[in-house]
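# Curious how this folds, go ahead:
(2 chains)
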Protein chains: 2
Amino acid sequence: MAKRIPTRLYLSEDEIPTTWYNLRADMKNKPDPILHPGTLQSASAADLEAVFCKEPVKQELDDTTRLIPIPEGLREFYRAYRPAPLIRAYFLEKALGTPAEIYYKHEGTNTSGSHKLNSAAAQAYYAKEEGLASLTTETGAGQWGSAMAMACAYYGLGLTVYMVKVSSEQKPYRKALIETYGAKLIPSPSNTTEAGRKILAKDPNTGGSLGCAISEAVETSIKTDKCRYVLGSVLNHVVLHQSIIGMEAKAALDKYGVKPDIVIGCAGGGSNLGGLIAPFMAEKIAGKSKARFIAVEPASCPSFTRGRYAYDFGDTAMTTPLLRMYTLGNGFIPSSNHAGGLRYHGMNPILSRLYKDGLLEARSAVQTDVFDAAVQFAKIEGILPAPESSHAIRVAIDEALECKRTGEKKTILFGLTGTGYFDMTAYQAYNNKTMTDYIPTDEDLARGFATIPDIPQNKMQ
Amino acid sequence: MAKRIPTRLYLSEDEIPTTWYNLRADMKNKPDPILHPGTLQSASAADLEAVFCKEPVKQELDDTTRLIPIPEGLREFYRAYRPAPLIRAYFLEKALGTPAEIYYKHEGTNTSGSHKLNSAAAQAYYAKEEGLASLTTETGAGQWGSAMAMACAYYGLGLTVYMVKVSSEQKPYRKALIETYGAKLIPSPSNTTEAGRKILAKDPNTGGSLGCAISEAVETSIKTDKCRYVLGSVLNHVVLHQSIIGMEAKAALDKYGVKPDIVIGCAGGGSNLGGLIAPFMAEKIAGKSKARFIAVEPASCPSFTRGRYAYDFGDTAMTTPLLRMYTLGNGFIPSSNHAGGLRYHGMNPILSRLYKDGLLEARSAVQTDVFDAAVQFAKIEGILPAPESSHAIRVAIDEALECKRTGEKKTILFGLTGTGYFDMTAYQAYNNKTMTDYIPTDEDLARGFATIPDIPQNKMQ
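The predicted structure follows:
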C-alpha cells in the first residue's frame, strides 16, 4: 500500500529552497521591455534606481538567469515563518464527493496574513544591504502594508505607508497592526505631498485610490534622503520573490511523486500566481507536463478576461514606467463594493505574456460566488480564507465538481494566499446578505481603455 | 558539531501524540473531589451528566489513568491544524543578548487563533458520538466561542454561544467569525433565559458578565432536547485535552535532547498551562527533573497570587458544582479595563493543588508591562501575540534577562497560546498610550472573598 500523504506536508528547514525561480529564463516569448515614460525607450537600471532599490532593479531586468540565490540574511528571516504548509484537502474532497485530489499552499500562517511577506522581506533586506535608512510604500486592502511593516521592524528600517483613506477608515485594525510594527501610516490623499495636496484641492472629501497612494509614496521616497519606494505586486522582481511559493510546493509534492494537473491562483497584480506557477509552468514549457494553469480574477476588475494587452502606466498620475500588460486602463475605477484586494487595473507582464501565448487561462468570478466558496471552505477545512484567496477556492471547487461529473481523478493545486481575519466586515456583509456583486458595463470599460496611453508601441500590437 | 536546532520544530504527522496525559495519575496529593452544590457530597458522574457530555464527565472524574487515548475520529480533526509548531526564539535570544535558550509552543496557527480548539474539538467529537444534536456555551474574549463554532461546523452540531454583551459590542469581528462558522450568537444577558431576564429586569443596561453568560448557556442546554453545555477552561477534562500541547512540545524537544529548566504559561482558568506542563511536571514529580514551573496571571485578576484555596462556585449565580481551587470569590468583578481573557475568578483544581504543594510558582503582571513584552516580541519574532499569551512572554523575557545577569544558560519553554488579530483595539490603546493598569485594592478583594460559600469544607482548610 502506498504511504498515506499527510494532511499537512511540511518541508524540513534544510529543504526550504535556497534559490528563486526566474520563469522568464524559460519563456520562448519574453515579456516586452519596460519603457521610460518620458523617452518611450527601454528603461535602464539607472532609470529605475531613481525610485527602486538596486538589487530588485537588477532582478526586474534579468530575463535569462533561471535560478537566483536567496541571500543568507534573508533566508534567516524566511526560516522564522517558512516553510509554509502544503495541505491536502482531504475534508474538502470528501465533502464534495470528488475523485480529484486537492492540495493548497497556505501562505497565511504569518502575522501579515498573506504571501506578501515573501517579497516584503526580500525588498527590506536589499534596502538594508544597500545602506538605506527608510522605505515608502502604499497599501490598499492592507496586506502589503502589514508585510512591509513586519519586514522593516525586523531589518531596522523606517517605513512610511500611504494607506488609501477609505481603506484606513474601513480597516482600523489593519492600521493598528501596521502601527504596532512601528511604521508611520498616512491616510492618502494627504497634505504631505504635492500629489496629495493637488487631489485634496480638487476634492477635499475624496476617499483616495491606490493610484494616488502610489504617487504620494513615490514622491516622498524621492524627496527623502536614503529612501526608496517599494511595490508589492505587478513587477517582475516581486513575482520572482514569490516563486518561493511554487518552489516549496513542488519540493513537497515531489517527495510524494505528485504532479498537479491543474494549478489555480487568484490574480490581482499577479505576484502570488506568478510565484506559485513558476516551476510548474517551466515543466510545461519544456514539454514535460500538460498541466493547465488558471488565473482567477474578480468580475469587478477583469484585467485578463476583458482587458487589453497594451503598454500602460502603473499609476493614475501616469508617472511610472510603462509596462506591457493586460490592462483595463490606468484610469479604470474598480467598484467600491468589492471586498479585499485584486483591484488593480493591470497585470504582471510575465503572466500577461503567458496568457497572450495561451499558456495560462483566466476566469472571472463574482463576489457572492467567491464568498459562497470561502464560507464552505472555512467550515470544511477550518481555515478562514482571505477574500482574494477565495477566488482560487471558487475555481478549485468548480474544477473538483467537474471531475465528479466526468469521473476524472485529476490533481488540483491552488494557492491559499492568506487569511481573512482582517476582512470580517466583508464576511459580516455576506452573513447579513447585504453583499452585492458588480460587473462593469462596456461603457465602464470604455472609460478605462480611453486612459491607455496613445503611444506608437500600442499601435503596433 | 551538534546539529543546528531548526527555528521551527515540526513533528511529522505520525509523531502527533495519540494519547493525552492525565497528570492527576502522577500527583501524590490529588485535587479534592468536586462537590454537588445541593448535597455538598462528592458529585457523581450522573450528577455531572445532567449538564455535561458523558465521556468528558468520565475524564473529569478519572484521577488514575495516566495516558488516555485520543479517538481516531478526533485525531483526524487534529491533523487538520496540528502539529502546532514549536519555535526556537533565535531572534529574541539575540535581541535580549541572553545566554538562555528560549522555545515557545505556538498554538495560534488555527483560525480560532488559540489553543482552545484542542478541547473544543474533543468536546464536539464526544457530543456527536453521544448522539447529541447541539451544544451551548458562553464566551468572553471570544476565543472559546470561535473554537467551538469551528468544531461544531466540522462535526455537524448546532451551537448557541452566549457572548458577554459588552464583549460582543467591542469585538464585532469575533461575533462575525463565530457566525460565519454557523453558530447562533446571543449577546448576554438576553431575554432567551430566566437567568437573563432576571438580570435584565434589575439592570436593563448591564454589559453582562461571564458568570451570567454561563448561567444562560447552562439553562438553555437543560431546556433543550439532545443538548449539553460545554466549558472551555477550569475543569480537569479541559486540562486533559490541552495536554496535547505539552505532549507535542516534549516530543519535539526530546528529538533534540533538550530539557526545559523553566516552563512558563499564562493562567486564566488554567487549561493551557495545565496542558503545557503535564508531561514535564510528571518528570519533576518522579524526581527526574528539577524544572521550575511558573503561572503568570494578570495583576487585575490575581487568583493564585492573592486568592484563597477554597471550595467555590464556577458561576456568579452559584448553581455549578463546587471546585476546590484558588479563587477570588465567584462574585469578584475583574476590572473592565483589562484586555483579553484571563478574567476568571477561579483556577483549575489540578493547578491549584500543585500551587498549594509548592510544585508550581505564580507571578502577576500589570497590563502595560505585558503589552511592552507583546510589542517587543511581535517586532522581533514576527508573531503578534494574544494579550493572554503575552503574560507568558513577559515572564519569559524577564527570566531570560535574569540569565543574562547571572550568566546562566537556562532553557526556557513558554506557551504562546494564541494570536492577537482580534485584539487590535487593545493594541490601539497601547499604541495611543491610553492603556491603563488596574490592581485590585484589599477592599476589592474582600468583597470577592465574601462570596466564597460558607460551607463546612471551607472551614477545615
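# check contacts around the spatially most central residue of chain A.
A centroid search over chain A (C-alpha atoms, centre = their mean) returns residue A:271, at 3.7 Å, as the residue closest to the centre. Counting by C-beta atoms under 8 Å, 6 or more residues apart in numbering or on different chains, residue A:271 touches A:115, A:119, A:232, A:233, A:234, A:238, A:239, A:241, A:242, A:348. All C-beta spots, glycine's among them, are computed from the backbone N, C-alpha and C.
# and the gap between it and residue A:115?
With the distance defined as C-beta to C-beta, to the nearest Å, residue A:271 ends up 8 Å from residue A:115.
# List the residues that are in contact with both of these two.
Both residue A:271 and residue A:115 are in contact with residue A:242, where contact means C-beta under 8 Å, 6+ apart.
# Contacts for the worst-scoring helix or strand of chain A on mean pLDDT, please.
When the helices and strands of chain A are scored by mean pLDDT, DSSP states H and E, helix A:165-170 comes last with a mean of 88. Applying C-beta under 8 Å, 6+ apart, the external contacts of helix A:165-170 come out as A:139-142, A:174-175, A:185, A:187-189, A:206-208, A:336, A:425.
# what number of residues lie near residue A:204?
Residues within reach of residue A:204, counting by other C-beta atoms under 10 Å in any protein chain shown, total 8.
# Could you verify that it is part of a strand?
No. With DSSP: H, G, I helix; E, B strand; the rest coil as the criterion, residue A:204 is coil rather than part of a strand.
# Enumerate the residues of the stretch 101-250 of chain A near chain B.
Proximity of the stretch 101-250 of chain A to chain B (C-beta under 8 Å from any C-beta of the partner chain) is limited to residues A:109-111, A:113, A:150, A:153-154, A:172-173, A:176-177, A:179-182.
# Surely residue A:371 and residue A:435 touch.
Yes. Between residue A:371 and residue A:435 there is a contact at 6.3 Å, judged by C-beta atoms under 8 Å.
# Spell out which residues are contacts of both of those two.
Common contacts of residue A:371 and residue A:435 (C-beta under 8 Å, 6+ apart): A:339, A:426.
# Look at the two and report which has more neighbours.
Taking neighbours as other C-beta under 10 Å, residue A:371 and residue A:435 compare with residue A:371 leading, 23 against 17.
# how much space between that one and residue A:294?
Look at residue A:371 and residue A:294: by C-beta to C-beta, they are 19 Å apart.
# Next: residue A:309.
Using C-beta to C-beta, residue A:309 is found at 18 Å from residue A:294.
# Quick check: the residue nearest to the centre of chain A vs residue A:370, distance?
Residue A:271 sits 19 Å away from residue A:370, taking C-beta to C-beta as the criterion.
# tell me the contacts of the nearest residue to residue A:343 once chain neighbours are set aside?
Nearest non-adjacent residue to residue A:343, counting by C-beta to C-beta, 6 or more residues apart in numbering or on different chains: residue A:334, 4.2 Å away. Listed by C-beta under 8 Å, 6+ apart, the contact set of residue A:334 reads A:300, A:301, A:343, A:345.
# which of those residues has the most neighbours?
Ranked by the number of neighbours (other C-beta under 10 Å), the contacts of residue A:334 place residue A:345 first, at 29 neighbours.
# Count the residues that sit near the residue nearest to residue A:44 when sequence neighbours are not counted.
Distances taken as C-beta to C-beta, 6+ apart put residue A:36 closest to residue A:44, at 7.8 Å, once the chain neighbours are dropped. By other C-beta under 10 Å, 15 other residues sit near residue A:36.
# Please name the residues that touch residue A:413.
Residue A:413 sits next to A:102, A:103, A:104, A:105, A:249, A:253, A:260, A:262, A:263, A:264, A:276, A:280 when contact means C-beta under 8 Å, 6+ apart.
# which stretch of helix or strand covers it?
Following DSSP states H and E, one finds residue A:413 within strand A:411-416.
# Give the full set of residues in contact with the residue of the stretch 101-250 of chain A found nearest chain B.
The minimum distance from the stretch 101-250 of chain A to chain B, using C-beta to the nearest C-beta, falls at residue A:173 (3.7 Å). Residues near residue A:173 by C-beta under 8 Å, 6+ apart: A:422, B:173, B:421, B:424, B:425, B:428.
# now with 10 Å?
Contact analysis of residue A:173 by C-beta atoms under 10 Å, 6 or more residues apart in numbering or on different chains lists A:142, A:421-422, A:424-425, B:173, B:421-425, B:427-428.
# That'll do, ta.
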